[in-house]
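Participant: have a look at this prediction, sequence included:
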Amino acid sequence: MSKAVELGSLVKQPFELLREIERRSASAQSGVAGAPGSSEFVGVGFRIGDEQFVADREHVREVLMLPESMSRVPGAKRWLLGIANLRGHLLPLIDVKLMLGSGRTTLRRTTRVISVNHREIPAGLVVDEVLGFRRFLEHEQAETTPDMVVRCDRFVAGSFQRNEESWPIFNLFDLLESNMFLQAAAE
C-alpha cells in the first residue's frame with residue numbers, strides 16, 4: 001500500500017478501514033514504517049513455565065483446549081499424558097515441560113494443546129499458555145539465544161529480540177523427531 005490514508009475518509013468503507021488499521025498496527029509493532037521487501041517470520045507464541053517461545057506457524061496444525069478425557073498409556077513415560085480422541089483422530093498428548101525435565105505442567109484454564117503439523121508423527125504438545133501469532137522482521141533476529149531455565153537448547157534454532165523481550169524459536173519438528181520423544185516407553 002502507498003502512503004498513509006486518513007482514517008476518517010474510510011468510514012464508509014469498513015473493509016478498507018480495517019485493512020489500514022491492520023497495516024498501521026503491524027508497522028507500529030515492528031518499529032518499521034512500511035519497510036517494503038523486508039522478510040517476515042510468523043510464528044505461534046507460547047509459554048512453558050515462565051519462559052516464552054515462538055514456533056514456526058507452519059509447524060502448528062491447530063491450538064486446542066485440553067481435552068476433558070484421555071486414555072493413559074500403560075508402560076509409557078510420565079510425560080506421555082495419554083491419548084485423546086479429537087474429532088475422530090487419536091492424538092498422543094505430551095507434557096513438554098515434564099519431558100524436558102523442568103517439572104510437570106500445572107493444568108489451568110490457560111493450558112493449551114499445540115497440535116503439531118508433522119506429516120508422520122501425530123502429537124499434541126501441552127503447554128502452559130498459547131500467546132497467539134507473533135510476527136518478526138528480519139532485523140529483529142538476534143545473534144545469540146538467551147539462557148533458558150527449561151532445558152530445550154537442542155530444540156531452539158535462534159531467537160528474535162523485540163525491545164526487552166526475547167523470543168527463542170522452538171523447532172517443534174526437531175522435538176518430535178528426537179530420540180527422547182520417539183522412545184516413550186518407560187524403562
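Facilitator: Nice, I can see it. Numbering: from 1, shown residues only.
Participant: what about the strands in the chain?
Facilitator: Here the chain has its strands, by DSSP state E, at 40-48, 51-56, 60-65, 80-86, 89-95, 112-116, 124-127, 129-137, 156-162, 165-170.
Participant: which other helices and strands does the worst-scoring helix or strand of the chain on mean pLDDT contact?
Facilitator: Taking mean pLDDT, DSSP states H and E as the measure, the chain has helix 14-30 as its least confident helix or strand, at a mean of 74. With contacts defined as 3 or more Cβ pairs under 8 Å, 6 or more residues apart in numbering; DSSP states H and E, helix 14-30 has these neighbours: strand 129-137. Heads up, the C-betas are built off the backbone N, CA and C, glycines and all.
Participant: so what sits opposite the spatially most central residue of the chain in the bridge?
Facilitator: Computing the C-alpha centroid of the chain and ranking residues by Cα atoms, centre = their mean puts Val44 first, at 3.4 Å. Beta-bridge partners recorded for Val44 (DSSP bridges): Ala55, Phe133.
Participant: same check, this time on Gly124
Facilitator: Leu93, Ser115.
Participant: which residues touch it?
Facilitator: Contacts for Gly124 (Cβ atoms under 8 Å, 6 or more residues apart in numbering) come out as 64, 84, 86, 91-94, 113-116.
Participant: closest one of the residues you listed to Gly75?
Facilitator: Of all those, Gly75 sits closest to Pro92, with 13.6 Å by Cβ to Cβ.
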